[in-house]
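Trainee: with the input below, show me the fold.
(chains A and B)
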Amino acid sequence: MLEARALAFTYPEAPAPALGPVDLRLEPGSLTLLGGSSGSGKTTLLRALSGAIPHLRAGHLSGTVELDGVTTVALEPARLALEVGRLFQDPEAQAVMATVWRDVAFGPENAGRSQAQIVEDVEWALAAVGAEHLASRRVDQLSSGERQRVAIAGLLATHPRVLLMDEPLSQLDPAGASSLIARLSSLTECGMAIVVSEHRVGEIAAVADERISLDLGGASEDRPVDVPAPTPRSGGAVAARTRGIVAGYGSASVLSGCDLTLRAGTVTALHGRNGSGKTTLLRVIAGLHQPSRGAVEIGGRDVTAQPIERRLPAVGFLAQDPGRHLLTESVADEVEHALRVRGGSRSERRRRCEHAITACGLDGFERRHPHDLSVGERERVALAATLAPAPDLLLLDEPTRGMDERHKRDLAALLREVSAAGAAVLVATHDTVFASAAADRHVEMRDGGLEQHAPRSAEVAS
Amino acid sequence: MTSRAPLPLLALLGATIALAFLTSQPLLILAIAAGALLLAAAAGRRTVPMLVAGGVSAIGLVLLTPILGANGNLIVAELPRIPLLDGEITAEELAAGAVLGLRLVAVTVMIGAVLVLADQDRMLALAMRLAPRSALTCALAARSLPTLRRDATALTETARARGASLSTGSWLRRGRHAAPLVVPLVGSSLERSLDVAEAMSARGYGAGSRSKVAEPPLTRRDIVILIAAAAVLGAGIAATLLGALGFDFYPTLDPVLGGASVSIGLAIIAALAAAAWAARR
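Mentor: So this is what the prediction gives:
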């Protein structure tokens, strides 16, 4: 059906090829799991298979991609898209219309379907991803997990024969991920060929027909490795504490009485479903969101009324999707940025900067522009910039998005190292494997409050 | 939260704006402004920026009209002489400026409310019948604004988390710290625009002749709005026939209260209030 032969691609002015050479053959009804470390070319391969390369992205392409024996270079990319759907890494970028129903209908409209057929296509696609209840909602008011489903429905509505998915699980909680995997599995039974590029491989590997790694030498970096859960540490002094935090957005209440104590020398994992309030809690502690009630203490001081600027340098905060919001023109500048703002000697800044770059596995990237890096690499740059000032309280919101298994393991070890040096770490994550490798304690957001949480063995295995 | 069909709202907007520009009768413009505020209240907080923009521009008009004009008999203040400007402030000039400002507020708020209340996708579908590509380009540009705003917020927060004083300190200091954020913001928007182009192609846009989803029929509420539009149009026609549209500010102010203008003003408010009730979310 879709076949790539000796496919290789180099982006303009890039020092090395981003991909290949790769040979790949997709058969109808197959589910292929695409693995590989961050920057190994997974996204580039999906772009090339969908025709976005070379039609929309410049660079040097060699080898061929053929759909039913016809090279994709000769096919109109828009026509090809109706046969080969591609889910972007960032589902927000994929929406065109304002409301869900209309957005899902955009593809069938482009395919010139009849009005009755469009209604049928949209309803089928929404049902296929369990998003019928979202039909009348505005796209910009959906949670990240809901957007992911709607983006997939938008592709399914044109009934493509091949579906290429770039990290579809990255923004889903474990329950959402399991549900999506089950739905993908049922789509293959209808004859659809699906390629999933994913770092959270546990569950999806069990249903995949084939597994391909893009790492040189064929060694898969994404194979989950059993990392024994570390011995929990009880920690030292209280680094931060929240009491009865009530917070929300407008009239919508998100947190309704959150009490949390974070001790120096420990890593706490914050679990919870999409939209449960993890991000809001982190933002309240960081000083980016003012609670309507309750108190935040850092280092024994009540800082509730203080903005984040006044909580520095005690607090380090890494927001979700930080790779999109890097501030400078090179990796080294980015990591040194916070140190420069706060002053200090040049040699000390350089020492801390080098240490953070090495700790985040970015040696050799110092002069690269952040926009030239993969999503996972950008996330590590943002992490290094947060770690460089050595905060006493480190708050991380979904830091493993786009990271391969090796870097997740390294990050887990790094967080334990940072906490062993005296910091308190709070990390919100859906990645239960990463959480169990990193955390001393697990708490779960539920109904606006916090509960102690012990990762279930099934989750750990995934 | 259901958005309304765009056609009745656009008809209401057209009738109201036409009347606002055809009349200079303060009472009618006041009625239109009051009705526009009712619609804005029905639309919610998203109309606040338009209200602020209209209000600020209106204040400018109120202040400039007496200085730039040299009309009216009743002098209420005299400013120091400045070449090319009129230092005599008259009550008639102030009244004319206030009416101009009120008209601007009414029109701006009305447009803002209709843009919020109307179903954007159906509005786009309507515009695409006239100019398919231009309409889509405009719609995508408009849709990218919230994303741009979110990116700007996220960049600001990233900078604040690194120690840049953007919410504390003097305005000068905040400005100095904020200025460098323009470069990553432009970079981020360029990256987003590439994403949009790729998304359009990945969704099959340009694959051939497009079809369109069937538009849903007008609801009862849409019909109420359509009737309100007709009522505003009728009020305008009645005002024209009864000679209630015009108003002379100079050399002295006409009497504001006339039998016809009061009745027509009340009719306009009632029509716009009914539309606001029908359009409420």
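
Trainee: need the helices for the stretch 1-150 of chain B, in chain order.
Mentor: In the stretch 1-150 of chain B, helices defined by DSSP state H, counting those that start in this stretch lie at B:6-22, B:26-43, B:48-68, B:91-117, B:120-130, B:132-161, listed in chain order.

Trainee: possible to save these as JSON lines with distance to chain A?
Mentor: C-betas here are computed from N, CA, C, even on glycine. Supplementary listing: the helices of the stretch 1-150 of chain B in JSON lines, determined by distance: least, Cβ to the nearest Cβ, whole Å:
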{"stretch": "helix B:6-22", "distance to chain A": "12"}
{"stretch": "helix B:26-43", "distance to chain A": "14"}
{"stretch": "helix B:48-68", "distance to chain A": "13"}
{"stretch": "helix B:91-117", "distance to chain A": "12"}
{"stretch": "helix B:120-130", "distance to chain A": "4"}
{"stretch": "helix B:132-161", "distance to chain A": "5"}
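
Trainee: dump these to a markdown table, plus distance to residue A:88, mean neighbour count and mean pLDDT.
Mentor: Formatted as a markdown table, those follow (distance: least, Cβ to Cβ, whole Å; neighbours: other Cβ atoms under 10 Å in any protein chain shown; pLDDT from 0 to 100):
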| stretch | distance to residue A:88 | mean neighbour count | mean pLDDT |
| --- | --- | --- | --- |
| helix B:6-22 | 30 | 21 | 95 |
| helix B:26-43 | 32 | 23 | 95 |
| helix B:48-68 | 30 | 17 | 90 |
| helix B:91-117 | 28 | 23 | 93 |
| helix B:120-130 | 21 | 17 | 82 |
| helix B:132-161 | 14 | 16 | 80 |
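
Trainee: so which of these is nearest residue A:181?
Mentor: Distance to residue A:181, taken as Cβ to Cβ, is lowest for helix B:132-161 among those, at 29.1 Å.

Trainee: and the closest one, how far out from the chain's middle?
Mentor: Taking Cα atoms, centre = their mean, to the nearest Å, one finds the center of helix B:132-161 at 20 Å from the center of the full chain.

Trainee: quick one: that helix to helix B:120-130, angle?
Mentor: Here helix B:132-161 runs at an angle of 140 degrees relative to helix B:120-130 (axes from the mean of the first three to the mean of the last three Cα atoms, to 10 degrees).

Trainee: name the helices or strands packed onto helix B:132-161?
Mentor: Applying 3 or more Cβ pairs under 8 Å, 6 or more residues apart in numbering or on different chains; DSSP states H and E, one finds that helix B:132-161 contacts helix A:308-311, strand A:315-318, helix B:120-130, helix B:171-178, helix B:182-202.

Trainee: and if we set it to 6 Å?
Mentor: Applying 3 or more Cβ pairs under 6 Å, 6 or more residues apart in numbering or on different chains; DSSP states H and E, we find helix B:132-161 packed against helix A:308-311, helix B:120-130, helix B:182-202.

Trainee: in the longest one, what's buried?
Mentor: It stands for helix B:182-202. By neighbour count with 16 or more other Cβ atoms under 10 Å in any protein chain shown, helix B:182-202 contains the buried residues B:184-185, B:187-188, B:192, B:195-196, B:198-202.

Trainee: tell me the helix or strand right after it.
Mentor: As assigned by DSSP states H and E, the chain's next helix or strand after helix B:182-202 is helix B:220-241.

Trainee: quick one: low-confidence parts of chain A?
Mentor: A:216-228, A:453-462 (pLDDT under 70).

Trainee: so which residues on it come close to chain B?
Mentor: Proximity of chain A to chain B, by Cβ under 6 Å from any Cβ of the partner chain, involves residues A:52, A:56, A:77-79, A:81-82, A:86, A:93-94, A:97-99, A:102, A:105-107, A:109-113, A:115, A:118, A:140, A:288, A:307-309, A:312, A:317, A:325, A:327, A:337-338, A:341-342.
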